[in-house]
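Visitor: make a model of this:
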Amino acid sequence: MRLQPNPHPAKELPRKLADTGSQPSGFGGQTQRLFTSGAPTSYDNIPYLGNPRYETHPNCLATVGMLLGMKPGPLDSCRVLELGCGMGGNLIPMALTLPQGQFVGIDLSSRQIASGRALAEATGLTNIHLKSVSVMDVDGSFGQFDYIICHGVYSWVPPAVQDRILSICKQNLTSNGVAYISYNTYPGWHQRGLVREILNYHVRPFDDPDVRTQDARAFLDFLGQSVVNQSGPYARILQEEAEWLQKEADWYVFHEHLEDYNEPVYFHQFVQRAAAKGLQYLGEALNHTYHMHDLRPEVRDRLWQLSGDLLHLEQYVDFLRNRMFRQTLLCHDDVQLSRAPSAEILMELKMIAIALPKAPNPDVASDALDEFHHDDSSIRTNNPVIKAALWCLHEARPRSFSFDELWIAVQERLGPGPTADALRGESGRALLANDLLQCYLANMLGLLVQVPRFTAEASARPVASPLARLQARQPSAGKFVTTLFHQRAELSDLDLAILPHLDGSRDRTALLDVLLAAVAEGALKLHKNGQSLPPETIPESLKKYLHLSLQRLARCRLLMA
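Guide: Purely as a prediction, here's the structure:
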């Protein structure tokens, strides 16, 4: 036994290409009602609070490209264009972690661009340019880009703008470049589109966006609770949508359901449109989440019989899964691809932990069944090599390993015996590489072309990401900041209190004084078991909390080397 699904992880490599089964339920568009530069937009009134999305990062796009036979350009000097960049929440962190790269973002909302420029300037970035222009105005004068990103835009614009997005991906993409476009898809969006149509009909008398949003929420709740057949499919559609939107902010609800445009497409329609522009389907940004993992073997075989090739297979699986969202990667149609990822390429990449062991200390050297999980996926395996590799990565977090480093660490972890002996030599390296590839496809292992510059240990005078330091001071950010790994991290009140002061000028004593002052001013409150700490215990407690906080910030990849 090698990898056993439990119950929904990737299980094995498909015949041609692994693809994502993750189906985010749609992301509110970052486009506007009008598509001419200088015109006011709904996003000037209700900004779309964009966040970093790791799957759009050049590091992620380059990794998928390499696995499928491409040779993307060097990340250090890459040029990146983002269409619909909003306030730069996704692009600014890229510019911070790739200081030699060049980043250009456009958005029609002048308010959002002004906010993004202010944040980029406050962060000290000089390699990013944010422009308030329309997608329709992008032409050859913008130059060539190694990566073009268009997240949360394509479905929220009319056909002419959709066509222009694909034209930009052709004319402005370097020969080995990768374009990322996310979009809502059918058949899944037929269900969500029904709710959207109902809500738009109901709020048609109202002009104020806040009134429209609140009335849409209330009306959806009313419908879900009032449908006569509460156990029927129609009631479930309304209730599930209402439950989902309860977790989302008002700005998301407005831009997702109440904007003028939302034009989903079937996958086969999208790739046909791309092909007409001279672009081919590369894969999905989250390529390592295999979308056929939990299907019975006879079902997978039947799908292959029905489809016959990769593109038709993708569409048939969308039919089966009722898929509603895709994050598709495109490249030029003359690029030669290898549809079966080779394990050999792993020897050129870095490995990081993303899976957690269920047991606190699994017996990796035995053939006992152990479980590892990540998000909604998990695997159970009795393969000592896989268990040792995942455990070594977990123990070393947030460190990464080269292939050779992990190869040695796994042998040491297994200790003397036949399993470790089998890993020695070139045949052993190949064995480990194949096992690691399966872990990647099962979404249990992260692969990187380049490791972001962060430190796993707090120095004597810690330095945190300048972007995170700014975000920790902004009430609008809540408790979330952007990590150097291009993800969001939720921090405690104490973490947020200390983070803005980690500029390299303060040692532990000075940082402790900062926390003591925050407590004295009432800006930071300390509790234990629901009770305020006695004043005489606060200094010693803060000293301990400071140490733990710096450890957490390092684990979150917020401290710079």
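Visitor: helix, strand or coil for residue 211?
Guide: Using DSSP: H, G, I helix; E, B strand; the rest coil, the structure places residue 211 in helix.
Visitor: pLDDT averaged over stretch 121-137 - what is it?
Guide: Taken as a whole, stretch 121-137 has an average pLDDT of 96.
Visitor: ok, now stretch 331-341?
Guide: Throughout stretch 331-341, pLDDT has a mean value of 92.
Visitor: domain assignment for this structure?
Guide: 13-184+262-332, 188-257, 343-448, 466-555 (automatic domain parsing).
Visitor: need those domains in a markdown table (columns: distance to residue 460).
Guide: For every residue, glycine as well, the C-beta is placed using N, CA and C. Output for the domains of the chain, formatted as a markdown table (distance: least, CB to CB, whole Å):
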| stretch | distance to residue 460 |
| --- | --- |
| domain 13-184+262-332 | 23 |
| domain 188-257 | 40 |
| domain 343-448 | 20 |
| domain 466-555 | 6 |
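Visitor: which strands and helices lie in contact with the longest strand along the chain?
Guide: Longest strand of the chain, by residue count under DSSP state E: strand 173-186. Identification of packing neighbours for strand 173-186 by 3 or more CB pairs under 8 Å, 6 or more residues apart in numbering; DSSP states H and E yields helix 58-67, strand 145-150, helix 159-171, strand 265-266, helix 267-276, strand 325-332.
Visitor: low-confidence bits of the chain, can you list those?
Guide: Scanning the chain with the threshold set as pLDDT under 70 gives 1-50, 287-291, 293-294.
Visitor: before we move on, the earlier item: ok, the longest strand of the chain: who's next to it in the sheet?
Guide: Take DSSP bridges as the rule and strand 173-186 pairs in its sheet with strand 145-150 (parallel), strand 265-266 (parallel), strand 325-332 (antiparallel).
Visitor: tell me the helix or strand right after the longest one.
Guide: When you say that, I think you mean strand 325-332. strand 350-353 (DSSP states H and E).
Visitor: how about the contacts made by residue 140?
Guide: Listed by CB atoms under 8 Å, 6 or more residues apart in numbering, the contact partners of residue 140 are 171, 172.
Visitor: the same query, at a cut-off of 7 Å, please.
Guide: residue 171 (CB atoms under 7 Å, 6 or more residues apart in numbering).
Visitor: quick check: end-to-end length of stretch 346-353?
Guide: 15 Å (CA to CA, to the nearest Å).
Visitor: tell me, how many residues neighbour residue 103?
Guide: 27 (other CB atoms under 10 Å).
Visitor: can you tell me which of the strands paired with strand 173-186 is most buried?
Guide: Among these, strand 145-150 has the highest mean neighbour count (mean count of other CB atoms under 10 Å), at a mean of 26.
Visitor: now do that one against helix 159-171, angle only.
Guide: Interaxial angle of strand 145-150 relative to helix 159-171 (axes from the mean of the first three to the mean of the last three CA atoms, to 10 degrees): 160 degrees.
Visitor: who's in contact with strand 145-150?
Guide: Taking CB under 7 Å, 6+ apart as the rule, strand 145-150 contacts 56, 58, 61, 72-73, 78-84, 165, 168-169, 172-174, 177-181.
Visitor: give me the buried subset of those residues.
Guide: By neighbour count, with 16 or more other CB atoms under 10 Å, the contacts of strand 145-150 hold 56, 58, 61, 72-73, 78-84, 165, 168-169, 172-174, 177-181 as buried.
Visitor: right, I'll leave it there.
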